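1. okay, predicted coordinates and the sequence, questions at the end:
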Amino acid sequence: MLSHSELLELKRWNTPTIYNGWEQITNRDSGKECFNLEETKDFMAQMGPMIGYAVTVVIEPGNVIHTKNNANAWSEYRKYIASVSGPKIVVVQDLDKPLVLGSFWGEVNANIHKALGCVGTITDGSIRDLDEMNNAGFKALARRLSVGHAYGIPIKWNCDIEVFGAKIKPGQLIHADKHGFLAIPEEDEERLLDATRFMDTNECRTLIPAARNSPGKSMEEILNDLDEATAQFKQAAQKKYVDGGER
């Protein structure tokens with residue numbers, strides 16, 4: 001696991017910036033793996049990014065049978081959440097999808113999970129009590145809002161799940177914001193901060209200044225500057241992650 005200071009530094013960037021670093025070091029298919037393939041909505045965008053380790057749970061609010069067969073579900077589920085080191089992000093797979101029949105989240109559950117060391121949730125279902133969840137400081141990426149909770153109790157937890165087209169394992173490092181989320185494979189964690197720092201700096205030293213230093217220049221000069229900056233950007237990444245063998 002990364003140190004607290006490393007997590008704080010990663011939290012300073014948005015999720016696309018983290019992706020830019022991650023794609024340099026991963027052997028996964030960065031075009032279609034480890035991030036949401038379906039649209040998410042950040043209902044607490046004003047809180048900025050969140051980062052934490054995944055704790056996973058499956059729900060099916062539309063099925064009443066779970067209330068009859070899982071008398072101790074809440075107690076056992078909360079023990080699981082409490083047993084994991086934080087910060088934690090609760091990732092919820094809703095089996096009712098594409099319907100949304102009830103919410104796992106509201107004022108009570110947000111406050112309970114906050115007390116258990118969780119910073120927020122990603123759910124392919126819904127949330128409710130939006131103002132109260134904001135007041136609790138509990139961030140949520142979800143599909144939509146809903147009024148009721150139906151039979152939204154935990155039916156399975158600490159298991160591999162899939163939300164918004166992305167497969168999530170318990171314990172995976174997750175970075176999320178208004179753009180969506182990125183689930184970092186364990187083998188990529190250690191190098192993530194350095195790669196993110198490098199790629200952000202690389203942009204700021206090449207492409208961004210070339211674009212912003214354009215006033216007063218002719219279109220030909222601007223295009224030449226951008227071509228040179230693009231070459232410098234690619235050369236720096238090539239040197240560090242290909243020629244340097246860090247990938």
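-> Thanks, I have the structure now. Numbers count the residues shown, from 1 in each chain.
2. the spatially closest residue to Thr17 that is not a sequence neighbour in helix, strand or coil?
-> Closest residue to Thr17 apart from its sequence neighbours, by Cβ to Cβ, 6 or more residues apart in numbering: Asp200 at 5.7 Å. All C-beta atoms are positioned from the backbone trio N, CA, C, and that covers glycine. Secondary structure assignment for Asp200 (DSSP: H, G, I helix; E, B strand; the rest coil): helix.
3. what sits against Asp200?
-> Contact analysis of Asp200 by Cβ atoms under 8 Å, 6 or more residues apart in numbering lists Trp13, Thr17, Asn20, Gly21.
4. out of those residues, which end up buried?
-> Trp13, Thr17, Asn20, Gly21 (16 or more other Cβ atoms under 10 Å).
5. re earlier: the residue nearest to Thr17 and Leu10, how far apart?
-> If you measure Asp200 against Leu10 using Cβ to Cβ, to the nearest Å, the figure is 11 Å.
6. ok, Cys34 next?
-> Taken as Cβ to Cβ, the span from Cys34 to Leu10 is 15 Å.
7. domains for the chain, by residue range?
-> For the chain, automatic domain parsing gives the domain ranges 4-187, 206-243.
8. can I get these in CSV with mean pLDDT and distance to Ala195?
-> Formatted as CSV, the domains of the chain follow (pLDDT from 0 to 100; distance: least, Cβ to Cβ, whole Å):
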stretch, mean pLDDT, distance to Ala195
domain 4-187, 96, 4
domain 206-243, 92, 8
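9. can you give me the strands for this protein?
-> With DSSP state E as the criterion, the chain has strands at 41-42, 50-59, 88-94, 118-123, 126-127, 139-142, 144-145, 156-157, 161-163, 166-168, 173-177, 180-184.
10. tabulate these (a markdown table), appending mean neighbour count.
-> Below are these laid out as a markdown table (neighbours: other Cβ atoms under 10 Å):
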| stretch | mean neighbour count |
| --- | --- |
| strand 41-42 | 18 |
| strand 50-59 | 23 |
| strand 88-94 | 26 |
| strand 118-123 | 25 |
| strand 126-127 | 27 |
| strand 139-142 | 27 |
| strand 144-145 | 13 |
| strand 156-157 | 19 |
| strand 161-163 | 19 |
| strand 166-168 | 19 |
| strand 173-177 | 26 |
| strand 180-184 | 24 |
